[in-house]
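K.L.:
Sequence and predicted structure, then a few things I'm wondering about:
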Amino acid sequence: MFRNIPVVTKNLLIINVLVFVATWMLEAQNINLSGWGGLHFFFANHFHFYQFLTYQFLHANFTHLFFNMFALWMFGCVVENVWGAKKFLFYYISCGIGAGLMQEIVQFVDFYLRVSAQEPDITFAELLVVGEQLSQQLNSWYTIGASGAVYAILLAFGMIFPNERIFIFPLPVPIKAKWFVLGYAAIELFMAVSSSGDGVAHMAHLGGMLFGFLMIRYWNRHPDARFNRSSGKEFFQRWNSRNSGRGNQSRTEGPAYTASTDRDDMDYNARKKQEQEEIDAILDKIRKSGYDSLTKEEKRRLFEASQNR
């Protein structure tokens with residue numbers, strides 16, 4: 001079973017578990033790994049930019065780790081198989097950073113409200129001075145966990161397979177993925193407004209989903225063709241055509257190269273069309289019956305296609 005997990009999802013699971021074990025072992029030596037790698041409020045003197053990455057691999061306890069990793073395994077496997085490893089990893093890390101940025105904004109608003117409650121006429125410059133004065137005390141304001149990135153993966157699954165029905169405990173009937181995602185977002189928003197002191201970064205979760213939504217919308221409107229082999233051949237064909245007027249030799253060799261390239265493009269496009277039809281059929285099967293309904297050969301074809309994206 002573990003061998004069937006895509007490479008990025010598998011390595012993210014391993015890294016998170018290893019970091020959790022390391023955190024637990026170092027705590028026995030009075031070394032606080034979370035305090036070093038957690039994302040601190042930017043006014044705190046322990047804040048560093050690398051924490052936007054490191055905080056994503058730290059967890060407060062086993063329950064925190066378990067639910068994040070279970071969701072990553074459940075939805076990340078499918079999303080990575082559809083997108084491919086590079087795109088999936090970029091999305092995961094970027095949304096985790098976006099979630100961290102949202103948390104920093106929320107903490108700044110919280111800090112401002114606390115200070116302005118005592119000094120209603122405080123200016124922004126004065127607020128910066130107060131922040132510098134309290135930088136040592138603000139070290140206790142830090143965030144850890146992969147939840148922001150995991151919520152973004154959940155959103156991606158809902159946008160890729162909006163009508164896929166999934167079972168969610170304790171609901172007795174399956175629910176469409178799009179309603180599941182919307183429901184989760186609504187719950188997080190409600191919790192962020194009504195339970196600000198529960199120690200959970202609800203706005204960071206929503207921040208990860210927001211960044212994921214914007215990224216997916218951008219990708220849908222601006223498909224990336226940089227790794228498209230056919231477009232690369234078209235570039236060299238246009239380059240050859242522009243140079244074909246620079247001498248008799250170029251004019252003689254130009255048409256032969258163009259004809260050969262056209263034949264190659266026709267063969268390549270025919271193969272790509274057939275491969276795409278096969279992948280579309282596999283994706284349609286996932287939508288109707290779920291990922292587990294695929295045969296071993298279909299899973300292999302989907303994985304190979306994702307690696308070539």
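P.N.:
All right, it came through fine. Residues are numbered from 1 along each chain as shown.
K.L.:
How about the secondary structure of residue 168?
P.N.:
What DSSP: H, G, I helix; E, B strand; the rest coil gives for residue 168 is coil.
K.L.:
what's the burial count for it?
P.N.:
Residue 168: 11 surrounding residues under other CB atoms under 10 Å. Any C-beta I mention is one placed from the backbone N, CA and C, and that applies to glycine too.
K.L.:
Please tell me I have it right and it contacts residue 179.
P.N.:
No. Residue 168 is not in contact with residue 179 according to CB atoms under 8 Å; the separation is 10.1 Å.
K.L.:
In which helix or strand does the closest residue to residue 162 other than its chain neighbours reside?
P.N.:
Closest residue to residue 162 apart from its sequence neighbours, by CB to CB, 6 or more residues apart in numbering: residue 178 at 3.8 Å. Taking DSSP states H and E as the criterion, residue 178 maps to helix 177-194.
K.L.:
Please enumerate the helices of the stretch 1-150 of the chain.
P.N.:
Assigned by DSSP state H, counting those that start in this stretch, the helices in the stretch 1-150 of the chain fall at 7-27, 33-37, 51-54, 62-83, 85-118, 124-133, 147-160.
K.L.:
Quick check: the gap between residue 106 and residue 47.
P.N.:
15 Å (CB to CB, to the nearest Å).
K.L.:
same check, this time on residue 149
P.N.:
According to CB to CB, residue 149 stands 20 Å off from residue 47.
K.L.:
Compare the two (neighbour count), which wins?
P.N.:
Under the neighbour definition other CB under 10 Å, residue 149 and residue 47 were set side by side, and residue 149 has more, 30 against 18.
K.L.:
can you pull the contacts of the closest residue to that one other than its chain neighbours?
P.N.:
Leaving aside its sequence neighbours, residue 149 sits nearest to residue 96 (CB to CB, 6+ apart; 3.7 Å). Contact analysis of residue 96 by CB atoms under 8 Å, 6 or more residues apart in numbering lists 52-53, 55-56, 146, 148-149, 152, 208.
K.L.:
Kindly report the same for residue 19.
P.N.:
Contacts for residue 19 (CB under 8 Å, 6+ apart) come out as 33, 57-59.
K.L.:
now the strands: where do they sit in the stretch 151-300 of the chain?
P.N.:
Counting by DSSP state E, counting those that start in this stretch, the stretch 151-300 of the chain has strands at residues 165-166, 175-176.
K.L.:
in the stretch 201-309 of the chain, which segments are predicted with low confidence?
P.N.:
Applying pLDDT under 70 to the stretch 201-309 of the chain flags residues 224-270, 287-292, 303, 305-309.
K.L.:
please redo it, this time with the cut-off set to 80
P.N.:
Scanning the stretch 201-309 of the chain for pLDDT under 80 picks out 201-203, 222-277, 279-280, 282-294, 296, 298-309.
K.L.:
if I pick the residue nearest to the spatial centre of the chain, what's in contact with it?
P.N.:
The centroid of the chain falls nearest to residue 92 when counting by CA atoms, centre = their mean (2.2 Å). Counting by CB under 8 Å, 6+ apart, residue 92 touches 8, 12, 76, 149, 152-153.
K.L.:
6 Å instead, please
P.N.:
residue 149 (CB atoms under 6 Å, 6 or more residues apart in numbering).
K.L.:
Next one: it from residue 281, what distance?
P.N.:
For residue 92, the distance to residue 281 equals 27 Å [CB to CB].
K.L.:
now swap in residue 149 and tell me
P.N.:
Computed as CB to CB, the residue 149 to residue 281 distance reads 31 Å.
K.L.:
ok, now residue 43?
P.N.:
54 Å.
K.L.:
now swap in residue 162 and tell me
P.N.:
Look at residue 162 and residue 281: by CB to CB, they are 19 Å apart.
K.L.:
ok, now residue 107?
P.N.:
With distances taken as CB to CB, residue 107 is found 48 Å from residue 281.
K.L.:
So if I had to pick from the two, which one is more boxed in?
P.N.:
Counted by other CB under 10 Å, residue 107 and residue 281 do not tie: residue 107 has more neighbours, with 23 against 11.
K.L.:
follow-up on the earlier one: just the buried residues of the helix holding residue 178, please?
P.N.:
177, 180-181, 184-185, 188, 191-192 (16 or more other CB atoms under 10 Å).
K.L.:
And those residues, which two are furthest apart?
P.N.:
177 and 192 (22.5 Å; CB to CB).
K.L.:
Quick check: mean pLDDT of stretch 88-97?
P.N.:
Averaged over stretch 88-97, pLDDT sits at 95.
K.L.:
thinking again about what came up before, the residue nearest to residue 162 is in contact with residue 159, isn't it?
P.N.:
No. Contact status for residue 178 versus residue 159: not in contact, 7.8 Å apart, counting by CB atoms under 6 Å.
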